[in-house]
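**Student:** need a 3D model of the following:
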Amino acid sequence: MPIILTNEAGKTHLTIQYDAANHWVYTNWIGYQTFENVVAGAMAYLAPIRENKCPYLLNDNRLLLGLWHHSLEWAATVWRPQAMEAGLTHFAHVVDPDSMATVTADQFQKGINRDFHMRVFSDIEEAKAWLREAQQADAEQKGSSQFQEKQLKK
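**Tutor:** Next comes the predicted model:
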């Protein structure tokens, strides 16, 4: 069941849905975003990340209009630590390459640290492939860790 957030005019500005088949949270930002809408939206998708123990986010900004630079500092200093605490490790950020929001996404990506993997994409299929690769690598690492634990118990 998707979460739908509306703006002051009653129009949908964000949809959020846990995609169980792919084990990621999908967000779709629509139209112009105020600082308040960005904060409310970003905080709203922490719940499905936590509830589903889902470290992967597919953040779709292809329908976003304008910049969201007014939210950069908040996203880097307030939201990102909370997202990491909720379990988020991989953030695939999809933008319209012809939009000004690409500049903001690039600035956000530069302001984060190594514990939080983020990439900016202009093609949603490439973003999905990156998330799947991350899932595969995480599964292989988990399998290796479990094998090592079993060996230590012997």
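**Student:** how many neighbours does Val95 have?
**Tutor:** Close neighbours of Val95, defined as other C-beta atoms under 10 Å, add up to 23. Any C-beta I mention is one placed from the backbone N, CA and C, and that applies to glycine too.
**Student:** need the pLDDT of it.
**Tutor:** In the prediction, the pLDDT value recorded for Val95 is 91.
**Student:** beta partners for the residue most central in space within the chain?
**Tutor:** By C-alpha atoms, centre = their mean, the mean C-alpha position of the chain lies nearest to Leu57, the distance being 3.4 Å. In this structure, Leu57 has the following beta-bridge partners (DSSP bridges): Val25, Phe91.
**Student:** for Leu14, see how far away it is.
**Tutor:** Per C-beta to C-beta, to the nearest Å, Leu57 is found 13 Å from Leu14.
**Student:** what do the two both touch?
**Tutor:** Counting by C-beta atoms under 8 Å, 6 or more residues apart in numbering, the shared contacts of Leu57 and Leu14 are Thr27.
**Student:** assign Ala134 to helix, strand or coil.
**Tutor:** Three-state call for Ala134 (DSSP: H, G, I helix; E, B strand; the rest coil): helix.
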